[in-house]
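In: here is a sequence with its predicted model. Questions after.
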Amino acid sequence: MRSGISARVWLVALVFATAAAVSRPAAADDRQECLNGSKETAAATITACTRAIQSGDYNDRDLSELYHHRGYAWSWTSFTDRVDRAFKDYSEAIRIDPKAVGSLLNRSHIYNQQHDYDRAIADATQAFDGGLSDYGKRVGYGERGYAYQAKGDNDRAIADYTDGIRLDANNKVALTARGNAYLAKGDPGRAAADYDRVIALDPKYAIAYYNRSLAHRAKGDLDRVIADCSEAIALYPNYRDAYYNRGYAYQAKGDLDRAIADYNHMIALDPNDRDAHDSRASAYLTKGDFRRFFADFGLGQVLTCLATIVFLAVGVWLCYRTGKYASAQWSGRTAIEICERGVVEMQRKNAVLERIAVALEKHSLG
């Protein structure tokens, strides 16, 4: 009897030992499939990562690595919440291993997409502290530079982009981004120099031509604005912003028909493009074509501007009276500041009507 019980105990132990022995190679296989996944095998990669995570055979950095790879694999799927799933996996990888630099950089990118720039900067900085390869540093400088620029800190953005360019002088993304930061800072010369380098690296990069046209516009070089926008449009015929910038340059040069043609292209791309309609209305107004002007700008908008100007004029008059006769409760400085704001607003609203008056005068003289 005792020998029978003993035999059954040994049999159960043998079954568990065999199952454990089979489980470990299976988990190891899942780990390899997880780490070596590809876009073509995204679903299988995620399944393998999940099995390896749930096996209990991994911890610390190995477990963090599994979460990181599953997080990255979510980006290959079509799930509507793939970004959220990836974010959760990267966050878990970082919780397990605060030096999980790959997850830190990828989460930084997600934070940038969500416009959470302070957290994006914090993650990129933590990744640098954890130790990065040259490739990782280029990614880190790019993400952190983007966040700084989005926050309006162009100097720090330029510093990060420059460090990234030192690691790879042919990085057209970093060169383009630094050019954008220079342009935002008010330095169109350096911006154009960066765009020149990008175009030399990739002559078919339409964005670089358009961006350089903005730098030329800032310098008042309308002919180069037109040339660069034309190059961008030749490479990408539906480039809405390039049509807009070229239309502006034509209009500024007095070539109204070509300006209108560019605004027409914009409207063909989007019939509700308000910028295109307003700019075309302005061009028609300058030509003295009031019928088309009203069709684009709208009589209602003109009347609204008139009513606003009358209202503001009365408000400004009252402001000045208040500034002159106000009691001690109102300081002259406060009244003057209110008046100044009113004047600025009135000038802005008056711009359209001034163009109407000029056009009417020219039309009557002609």
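Out: Received the coordinates, thanks.
In: where's Cys151 relative to Leu201, distance?
Out: That one is not Cys; residue 151 is Lys. 28 Å (C-beta to C-beta, to the nearest Å). Backbone N, C-alpha and C define where each C-beta goes, glycine included.
In: ramachandran angles for Pro237?
Out: For Pro237, the backbone dihedrals (degrees, to the nearest 10) come out as phi -60, psi -20.
In: how far away is the nearest residue to Arg144 once chain neighbours are set aside from Gly37?
Out: Closest residue to Arg144 apart from its sequence neighbours, by C-beta to C-beta, 6 or more residues apart in numbering: Ala124 at 3.9 Å. Distance of Ala124 to Gly37, given as C-beta to C-beta: 25 Å.
In: between these two, who's got more neighbours?
Out: The residue with more neighbours, out of Ala124 and Gly37, is Ala124; 30 against 22, by other C-beta atoms under 10 Å.
In: which neighbouring elements make contact with the helix or strand containing the residue nearest to Arg144?
Out: Following DSSP states H and E, one finds Ala124 within helix 117-130. Packing partners of helix 117-130 (3 or more C-beta pairs under 8 Å, 6 or more residues apart in numbering; DSSP states H and E): helix 101-113, helix 134-150.
In: does Gly56 sit in a helix, a strand or a coil?
Out: Three-state assignment for Gly56 (DSSP: H, G, I helix; E, B strand; the rest coil): coil.
In: would you confirm that Arg190 contacts Tyr182?
Out: Yes - at 4.3 Å, Arg190 and Tyr182 qualify as touching, with contact defined as C-beta atoms under 8 Å.
In: neighbour count: the two, which is higher?
Out: For Arg190 versus Tyr182, neighbours defined as other C-beta under 10 Å are more numerous around Tyr182 (23 against 16).
In: what's near enough to touch the more buried one?
Out: Each residue near Tyr182 by C-beta atoms under 8 Å, 6 or more residues apart in numbering is listed here: Asn154, Ile158, Pro188, Arg190, Ala191, Asp194.
In: reformat the residues you listed as CSV; add secondary structure and distance to Val83.
Out: Shown next, in CSV, are those (DSSP: H, G, I helix; E, B strand; the rest coil; distance: C-beta to C-beta, whole Å):
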residue, secondary structure, distance to Val83
Asn154, helix, 28
Ile158, helix, 29
Pro188, helix, 36
Arg190, helix, 35
Ala191, helix, 32
Asp194, helix, 31
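In: ok, so of those, who is nearest Ser279?
Out: Checking the contacts of Tyr182 against Ser279 by C-beta to C-beta gives Pro188 as the nearest, at 22.1 Å.
In: tally up the residues packed near the closest one, please.
Out: 21.
In: how much space separates it from Tyr161?
Out: 17 Å.
In: try Arg178
Out: To Tyr161, Arg178 is 4 Å away according to C-beta to C-beta.
In: shared neighbours, these two?
Out: Jointly contacting Arg178 and Tyr161 under the rule C-beta under 8 Å, 6+ apart are Gly145.
In: and stretch 62-75, how far out from the chain middle?
Out: 26 Å (C-alpha atoms, centre = their mean, to the nearest Å).
In: now it: mean pLDDT?
Out: Across stretch 62-75, the average pLDDT comes to 93.
In: could you list the buried residues of it?
Out: By 16 or more other C-beta atoms under 10 Å, the buried positions in stretch 62-75 come out as Leu63, Ser64, Glu65, Leu66, Tyr67, His68, His69, Arg70, Gly71, Tyr72, Ala73, Trp74.
In: same thing with stretch 250-257?
Out: Buried residues in stretch 250-257, counted by 16+ other C-beta under 10 Å: Tyr250, Gln251, Asp255, Leu256.
In: how about stretch 232-242?
Out: Ala232, Ile233, Leu235, Tyr239, Arg240, Asp241, Ala242.
In: make CSV out of the helices and strands packed on helix 117-130 and add mean neighbour count.
Out: Output for the helices and strands packed on helix 117-130, formatted as CSV (neighbours: other C-beta atoms under 10 Å):
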stretch, mean neighbour count
helix 101-113, 23
helix 134-150, 21
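In: now those helices in a markdown table, with mean pLDDT and distance to Tyr209?
Out: Converted to a markdown table, those look like this (pLDDT from 0 to 100; distance: least, C-beta to C-beta, whole Å):
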| stretch | mean pLDDT | distance to Tyr209 |
| --- | --- | --- |
| helix 101-113 | 96 | 25 |
| helix 134-150 | 97 | 21 |
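In: need these in JSON lines (columns: distance to Arg95).
Out: Below are the helices and strands packed on helix 117-130 laid out as JSON lines (distance: least, C-beta to C-beta, whole Å):
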{"stretch": "helix 101-113", "distance to Arg95": "10"}
{"stretch": "helix 134-150", "distance to Arg95": "20"}
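In: show me which pair in the contacts of Tyr182 is furthest apart.
Out: Farthest pair in these (C-beta to C-beta) is Ile158 and Pro188. Separation: 14.1 Å.
In: which element, helix or strand, includes the closest residue to Gln149 other than its chain neighbours?
Out: Leaving aside its chain neighbours, Gln149 sits nearest to Ala157 (3.7 Å; criterion: C-beta to C-beta, 6+ apart). Assessed by DSSP H and E, Ala157 sits inside helix 154-167.
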